[in-house]
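[1] fold the following and give me the result.
(one chain, ligands or ions: 1)
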Amino acid sequence: MAAPARRPIRKVLVANRGEIALRVMRTCREMGIKTVAVYSDADRNALHVRAAYEAVRLGPPPARDSYLRGDLVVEAAQRTGADAIHPGFGFLSERSAFVRQCREAGLVFIGPSPEAMDAMGDKLGARRNMIAAGVPVVPGTTEPASDDATLKSEAARIGYPVMIKASAGGGGKGIRIVRGEAELLNAAARARGEAKGAFADDRIYIEKYLEEPRHIEVQVFGDSHGNVVHLAERECSMQRRHQKVVEERPSPLLDDELRARMGAAAVKAAAAIRYENAGTIEFLVDRHRNFYMLEMNTRLQVEHPITEWTCGLDLVRWQLLVAMGEPLPLRQEQIRHEGHAIEVRLYAEDADHGFLPASGAIQRLELPGGPGVRVDTGLYEGMQVTPFYDPMLAKISVHAATRAEAIARMARALSEVTITGVVTNLPFLRRCLDSEPFRSGRYDTSTIESRPEVFAPRMDEQREQAVAVIAAMMNHVLRRRAGFPEPAAAAIAARARSAWRDAYRPGSPR
Ligand code: MV4
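    Numbers count the residues shown, from 1 in each chain. Alright, predicted model coming up:
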């Protein structure tokens with residue numbers, strides 16, 4: 001095969017917002033590549049807009065009127081003379097129609113081909129491809145299950161419990177557990193109706209239901225020269241309702257032998273569809289340590305920092321090089337991982353009251369730093385957190401020599417966080433990190449939801465919170481009653497705050 005043409009990228013339009021837009025722009029800057037931001041009216045003052053060389057307004061706050069308007073994004077790239085578009089994750093990142101629009105406009109899409117995206121987007125087709133390539137998938141059907149007799153015979157062959165999934169689904173959309181034949185036809189009919197409504201595609205399939213699996217994914221990278229490598233796994237089982245909370249690498253479950261087998265399977269999966277750029281192969285791992293490929297995410301992922309931490313590489317740099325037609329910078333045997341990395345996701349949500357998304361203006365913001373700590377965020381003091389987009393406010397990740405040291409480092413990092421004005425899941429993150437399942441490394445995708453008592457606020461934590469509120473109120477009332485002029489009131493308030501700090505955190509240095 002003739003070597004594909006190299007084409008330099010001088011200016012990248014980043015079709016995203018928040019921390020991932022900033023993340024991409026940082027690497028562009030290091031590589032001497034100019035950047036173009038796009039933004040909705042809600043993000044006029046956002047950090048990604050300020051970080052870019054140029055910025056183009058897309059439209060009103062709702063994503064469908066702004067960040068999802070592929071036509072406007074392509075137009076903005078053409079108008080500003082960008083030669084490539086980085087989609088980040090979410091929004092347009094996995095829409096093959098958008099990739100085709102970029103192609104037609106002569107723009108490089110920094111990601112996989114639309115053909116590779118479609119090959120993995122259709123789950124039935126993907127299952128057939130993967131079986132043909134010798135990649136283990138969950139036992140189940142490879143043709144759409146349509147008539148009642150086929151549904152029954154296939155489910156019986158696979159053995160209950162089974163799961164019904166939509167071929168056009170993914171990421172938890174339109175899936176159903178069926179524990180016996182009595183529920184089967186009803187569940188199938190509902191799943192089909194839902195799939196038709198959500199994806200305009202009513203094909204469904206049946207899989208063996210794996211109980212309490214672990215969710216372990218493997219980072220892969222392909223280039224336009226036919227090379228594919230893997231960058232090892234990320235353990236993502238600490239999740240609730242398909243929302244990841246804590247990720248770590250390496251997975252406490254894997255040994256070198258299993259890691260090598262899963263890595264090889266992931267490379268095989270990506271190579272089978274001639275995958276280019278960054279991708280992730282998701283696996284379910286059962287209690288007997290059997291692994292099965294579930295789906296492929298055809299984008300850079302939220303949790304990529306923990307992979308960057310342990311292999312010391314910049315994955316966005318690799319994305320840009322591959323998009324320019326360069327070969328991958330390293331061969332498989334040159335990729336080495338060191339130490340242990342953990343990431344937590346700080347969300348604007350009230351973990352103690354049904355995990356409802358929160359909004360408001362960020363008042364005080366103190367983020368952690370120091371050795372082995374990285375913060376990816378688009379947050380700033382005064383920023384308005386709106387309900388228009390994903391509630392993720394920041395990712396905090398740490399790296400240390402061992403898992404125990406990484407846990408201690410993350411606990412230290414979380415103790416440095418102050419965020420007021422918007423309710424966050426910070427207390428919940430602390431409890432996850434402290435929990436017995438996490439500490440022991442024995443957790444799976446069902447742990448948070450099946451053992452709520454383990455992750456509930458402890459009594460003393462609630463009491464401390466109540467005392468803090470009462471103290472703050474008394475301070476406020478007493479200041480007002482004493483009629484202090486403002487400067488004096490501020491000084492007293494500051495003294496009260498530091499007194500409270502000392503009481504709240506005994507032993508902390510003054
Ligand atoms: C499964 C499964 C058990 N058995 N399939 C959920 C999201 C979608 N990507 C697939 N999912 C699952 N598929 C079979 N045959 C359990 C899940 C699942 C899950 C998977 C990954 C991460 C978190 C999860 C939480 C609940 C269920």
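[2] next, name the residue at the spatial heart of the chain.
    In the chain, the C-alpha nearest the mean C-alpha coordinate belongs to residue 302, at 3.2 Å (Cα atoms, centre = their mean).
[3] need phi/psi at that one.
    phi -50, psi -40 (degrees, to the nearest 10).
[4] near the ligand, which residues of the protein are found?
    Residues of the chain that fall close to the ligand, judged by Cβ under 6 Å from any ligand atom: 138, 163, 170-172, 175, 207-210, 213, 215, 239, 242, 284, 294-295, 445. All C-beta atoms are positioned from the backbone trio N, CA, C, and that covers glycine.
[5] what pairs with the strand ranked longest in the chain, and is each one parallel or antiparallel?
    Counting residues, the longest strand found in the chain (DSSP state E) is strand 228-240. Using DSSP bridges, strand 228-240 pairs in its sheet with strand 214-222 (antiparallel), strand 243-249 (antiparallel).
[6] quick one: mean pLDDT over the longest one.
    Which is strand 214-222. Mean pLDDT, strand 214-222: 98.
[7] buried sites along stretch 202-213?
    Buried positions in stretch 202-213, judged by neighbour count with 16 or more other Cβ atoms under 10 Å: 202, 203, 204, 205, 206, 207, 208, 209, 210, 213.
[8] can you map out the strands along the stretch 351-500 of the chain?
    Listed in chain order, the strands of the stretch 351-500 of the chain (DSSP state E, counting those that start in this stretch) span 356-357, 360-361, 365-366, 373-377, 384-385, 392-400, 418-419.
[9] tabulate these (CSV), appending mean neighbour count and mean pLDDT.
    Formatted as CSV, the strands of the stretch 351-500 of the chain follow (neighbours: other Cβ atoms under 10 Å; pLDDT from 0 to 100):
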stretch, mean neighbour count, mean pLDDT
strand 356-357, 12, 92
strand 360-361, 13, 96
strand 365-366, 15, 96
strand 373-377, 18, 98
strand 384-385, 17, 97
strand 392-400, 24, 98
strand 418-419, 16, 94
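[10] after the helix or strand containing residue 28, next one along is what?
    Assessed by DSSP states H and E, residue 28 sits inside helix 18-30. Note on helix 18-30: by DSSP H and E, the next helix or strand toward the C-terminus is strand 34-40.
[11] helices or strands next to that following strand in the packing?
    strand 11-14, helix 18-30, helix 47-51, strand 54-59, helix 70-80 (3 or more Cβ pairs under 8 Å, 6 or more residues apart in numbering; DSSP states H and E).
[12] name the residues that touch the longest one?
    Right, the one you point to is helix 18-30. For helix 18-30, the external contacting residues (Cβ atoms under 8 Å, 6 or more residues apart in numbering) are 12, 14, 16, 34-35, 37, 46-48, 51-52, 86, 88-89, 300, 302, 314, 316-317, 320, 376-378, 389-390, 392, 394-395.
[13] what comes up buried for that helix?
    Neighbour-count burial for helix 18-30 flags 18, 19, 20, 21, 22, 23, 24, 25, 27, 28 (criterion: 16+ other Cβ under 10 Å).
[14] quick check: residue 299 vs residue 364, distance?
    34 Å (Cβ to Cβ, to the nearest Å).
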